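>>> only the shape, not the letters, is given here:
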């Protein structure tokens, strides 16, 4: 099945660009409740898989052995923007486990916090690994590696950390992974299908109803994200503002190349969404529209409108167009 | 007809994202020689229309009355990157016509020249209108407005400058325009079809064979672009490097939202290309692939490879994937 037109970009009265995508809603049994496009489409979930990558951290007992706070659990699932809040929290975490910024394999990324980024340019300071949006995930990897007594090369696909992740990834997606790509932070990112990813999210959404170790870990991670939306992304970011605007507790997480997921614990539903061309402007809009349709978000909430119906302004600040969900799709 | 898959984005062995588009090649008679997707698709050509917007500047006699150099004609068609070369050239041009930066309606844009941009942040200097990628086009508008004795509001659709542009736009596209959007620089950007835009580019490509005023203006603008590829965009930009790498004289010009055109004077052919989702990474790749197929570019040239087959590197500088044309499309 072909991807479905989900988002249109208007300039004046004219539709200038269009974005197509796939989306799947799964229930706790792993069955598809509703879908758009092709549920069997193979995808890389990118950072939308961070909760899956954090599962062994909690399920192994490493998180409790290191007394990780719920803020740190949220950071382990985060694509944060490298604001001082995030950088300081990750630095303290690394210190507590006897590791430092130099142990992070994620590479240095300029902070996406505007004041910090501009200040660093003015002070001629180089970007830092702590500011990499994945530094919390990597602090989690280092915590698990230490707990397992494993070596420092924790992004190697053969490392105990990544083998543990692959195992739970296949368990909760219900599929053998066909392979992986190397992510922006150098960690393997395992492939699955749209259905597999929605099934995994439904596993998280329904975890509270089960008592097994993996389900309890999934529930704790979901609750940590819901409790600390600013840790998951940051001010001005879709994940954070949509979670804060939601009418019921929900975890929402973006991934690079137009990926998005949502975990709806009160309904036991998991959602996966992929914009085929990889555009974030479209995945922000489409996930908001899908959650509005489900009644999780209110279309009139200003923090929903800014992602679902953002204005396009030009250099002179004139409104020249808008991004909007395609009518009657969601 | 639906858009055609033109570009794929790979991460490791997996195709992660895909870009679809339309493309049309027209000959001097305005007939479609070859097409992909829908030649009747309505589009906004954005900055790919700058040569059309500069036609009245030359055809009216304004360019000669103000002794515009070929560098200035190239700048009138440019989406330059606000490097010192461009900013100084536009400032001198404005001075020569008794106008200043304050007369530009285009809005202030941060320079895309990295050294200048970072230097301005360090010196706490605000972005300037001169650095707007369209400042050369606007200097052309101001020159024409002065020549016509028209007022300062030269981006108003009713202004003599914009009426002149609409008239030639409809003449060379061979179609009545269905409307316009307001561009990033506040000028009206008239809509046409993929075929209309390719026909207009073929008008430019074949202009040298005709003696009428509009054709002579089109030929001069094309030759100015070919003579000054750095003025048209800048170091590191696809337009500039693809023109420099071409095996025959060719004008190549990007537009926002995934638009691209090419003018092939030696063949009398015009090309229009639109990536449906608006991604520049895909339009850079697709226009290069199309010109390779025609024998205008050499696929092994490093300045072609960097746009047609760019590597994707992550924060740790590891190669994680590549962008490439879809096999057997071009």
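Noted; the coordinates are in hand. This one's a predicted model, so the numbers in the text were calculated from it and none came from an experiment.

>>> near chain B, which residues of the stretch 151-300 of chain A are found?
Contacts of the stretch 151-300 of chain A with chain B, taken as Cβ under 8 Å from any Cβ of the partner chain, map to A:178-186, A:189, A:191, A:257-258, A:276-279, A:282. Yep, even glycine has a C-beta here, placed from its N, CA and C like the rest.

>>> check the stretch 1-150 of chain A too.
Counting by Cβ under 8 Å from any Cβ, the stretch 1-150 of chain A sits next to chain B at A:9, A:11-14, A:16-20, A:42-44, A:105-109, A:118, A:121-122, A:124, A:132.

>>> looking at this, residue A:98 is in a strand?
No: counting by DSSP: H, G, I helix; E, B strand; the rest coil, residue A:98 falls outside a strand, being coil.

>>> contacting residues for it?
Residue A:98 sits next to residue A:146 when contact means Cβ atoms under 8 Å, 6 or more residues apart in numbering or on different chains.

>>> need phi/psi at it.
phi 70, psi 30 (degrees, to the nearest 10).

>>> buried members of the residues of the stretch 1-150 of chain A next to chain B into PyMOL, please.
This is how PyMOL selects the buried members of those, with burial counted by 16 or more other Cβ atoms under 10 Å in any protein chain shown:
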select buried, chain A and resi 9+11+12+14+16+17+18+19+20+42+43+44+105+106+107+108+109+121+132
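
>>> cross the residues of the stretch 1-150 of chain A next to chain B against helices and list the overlap.
Counted as lying in helices by DSSP state H, out of those, are A:118, A:121, A:122.

>>> could you export those residues as TSV, including distance to residue B:244 and pLDDT?
Shown next, in TSV, are those (distance: Cβ to Cβ, whole Å; pLDDT from 0 to 100):
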residue	distance to residue B:244	pLDDT
A:118	34	96
A:121	31	96
A:122	35	96
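
>>> now do the helices in the stretch 151-300 of chain A.
A:160-173, A:194-205, A:213-227, A:229-232, A:238-245, A:280-293 (DSSP state H, counting those that start in this stretch).

>>> tell me the most buried of those?
helix A:194-205 (a mean of 28; mean count of other Cβ atoms under 10 Å in any protein chain shown).

>>> tell me what that one is packed against?
strand A:14-26, strand A:32-36, helix A:160-173, helix A:213-227, strand A:259-264, strand A:269-275 (3 or more Cβ pairs under 8 Å, 6 or more residues apart in numbering or on different chains; DSSP states H and E).

>>> next up, the contacts around residue A:179.
Per Cβ under 8 Å, 6+ apart, neighbours of residue A:179: A:190, A:191, B:12, B:13, B:14.

>>> for it, what are phi and psi?
According to degrees, to the nearest 10, residue A:179 has phi 150, psi -170.

>>> please report how far it lies from residue A:191.
Relative to residue A:191, residue A:179 is positioned 6 Å away (Cβ to Cβ, to the nearest Å).

>>> picking that back up, pull the most distant pair out of the contacts of residue A:179.
Farthest pair in the contacts of residue A:179 (Cβ to Cβ) is A:190 and B:13. Separation: 12.8 Å.

>>> spell out the residue ranges of the strands in the stretch 51-200 of chain A.
For the stretch 51-200 of chain A, the strands defined by DSSP state E, counting those that start in this stretch cover A:180-182, A:188-190, A:192-193.

>>> make JSON lines out of the ones you listed and add distance to residue A:231 and mean pLDDT.
Shown next, in JSON lines, are the strands of the stretch 51-200 of chain A (distance: least, Cβ to Cβ, whole Å; pLDDT from 0 to 100):
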{"stretch": "strand A:180-182", "distance to residue A:231": "25", "mean pLDDT": "98"}
{"stretch": "strand A:188-190", "distance to residue A:231": "21", "mean pLDDT": "98"}
{"stretch": "strand A:192-193", "distance to residue A:231": "26", "mean pLDDT": "98"}
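
>>> possible to save the helices of the stretch 151-300 of chain A as JSON lines with mean pLDDT?
Converted to JSON lines, the helices of the stretch 151-300 of chain A look like this (pLDDT from 0 to 100):
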{"stretch": "helix A:160-173", "mean pLDDT": "98"}
{"stretch": "helix A:194-205", "mean pLDDT": "98"}
{"stretch": "helix A:213-227", "mean pLDDT": "98"}
{"stretch": "helix A:229-232", "mean pLDDT": "98"}
{"stretch": "helix A:238-245", "mean pLDDT": "98"}
{"stretch": "helix A:280-293", "mean pLDDT": "98"}
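
>>> can I get the ones you listed in CSV with distance to residue B:308?
Listed next are the helices of the stretch 151-300 of chain A as CSV, based on distance: least, Cβ to Cβ, whole Å:
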stretch, distance to residue B:308
helix A:160-173, 33
helix A:194-205, 30
helix A:213-227, 40
helix A:229-232, 37
helix A:238-245, 32
helix A:280-293, 24
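
>>> avg pLDDT for stretch A:256-266?
In this model, stretch A:256-266 carries a mean pLDDT of 98.

>>> any idea how far that stretch is from the chain center?
Relative to its chain's centre, stretch A:256-266 lies at 7 Å (Cα atoms, centre = their mean, to the nearest Å).

>>> buried set for it?
So for stretch A:256-266, counting by 16+ other Cβ under 10 Å, buried means A:256, A:257, A:258, A:259, A:260, A:261, A:262, A:263, A:264, A:265.

>>> need the nearest residue in space to the fourth one, chain neighbours excluded.
The reference is to residue A:259. residue A:48 (4.6 Å; Cβ to Cβ, 6 or more residues apart in numbering or on different chains).

>>> you'd agree the one you found is up against residue A:257?
No: taking contacts as Cβ atoms under 8 Å, residue A:48 lies outside contact range of residue A:257: 10.0 Å.

>>> perfect, I'm done here.
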